[in-house]
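Student: give me a 3D structure for the following:
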Amino acid sequence: MTYDAFVLELAGAGISGREFARLIKLNPNTVANYKKRGDVPSNLAVIAALARLLAEHNIDFRPRLEALDIKPNASRGKSIVNQH
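Tutor: Numbers count the residues shown, from 1 in each chain. As a prediction, the model looks like this:
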């Protein structure tokens, strides 16, 4: 999915890129950096599309995502350093 289409899905879901990142425990800069690439990974595209669909049917997806025990990704290079 293109970054522009991704942003439209988020808008349809009533959330910003920053809120999306917070809900799925990503660094907000990670989401913003996809703008430079021009596209987003398919897993994020699927989440955005489903969030929009739920919002269109007046189903608030935020509490469910917030309740998930999502482990944030390690900062770049951090996982390599912590292996020693």
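
Student: low-confidence ranges, the chain, go.
Tutor: 74-84 (pLDDT under 70).

Student: mind listing the helices for it?
Tutor: Assigned by DSSP state H, the chain shows helices spanning 3-13, 17-23, 28-37, 42-56, 62-67, 78-81.

Student: from Asn58, how far off is Pro28?
Tutor: Relative to Asn58, Pro28 is positioned 27 Å away (CB to CB, to the nearest Å). All C-beta atoms are positioned from the backbone trio N, CA, C, and that covers glycine.

Student: so what's the closest residue to Pro41 other than its chain neighbours up against?
Tutor: Spatially, and ignoring its direct neighbours in sequence, Pro41 is nearest to Tyr34 (7.9 Å; CB to CB, 6 or more residues apart in numbering). Contact analysis of Tyr34 by CB atoms under 8 Å, 6 or more residues apart in numbering lists 3, 6, 40-41, 44.

Student: which ChimeraX command selects the buried ones in those residues?
Tutor: Selection of the buried residues among these in ChimeraX, burial being defined by 16 or more other CB atoms under 10 Å:
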select :3,6,40,44
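
Student: so can I have CSV of the contacts of Tyr34 showing distance to Arg64?
Tutor: Listed next are the contacts of Tyr34 as CSV, based on distance: CB to CB, whole Å:
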residue, distance to Arg64
Tyr3, 25
Phe6, 20
Val40, 21
Pro41, 21
Leu44, 17
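
Student: just the CA coordinates of stretch 34-41, formatted as PDB?
Tutor: The C-alpha coordinates for stretch 34-41 follow below in PDB (Å, rounded to 0.1, in the frame of the first residue of the first chain):
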ATOM      1  CA  TYR A  34       7.500   5.300   5.600                       C
ATOM      2  CA  LYS A  35       6.500   8.600   3.800                       C
ATOM      3  CA  LYS A  36      10.100   8.700   2.500                       C
ATOM      4  CA  ARG A  37       9.900   5.200   1.200                       C
ATOM      5  CA  GLY A  38       6.500   5.800  -0.400                       C
ATOM      6  CA  ASP A  39       4.900   2.600   0.900                       C
ATOM      7  CA  VAL A  40       4.100   0.800   4.100                       C
ATOM      8  CA  PRO A  41       4.600  -2.800   5.100                       C
END
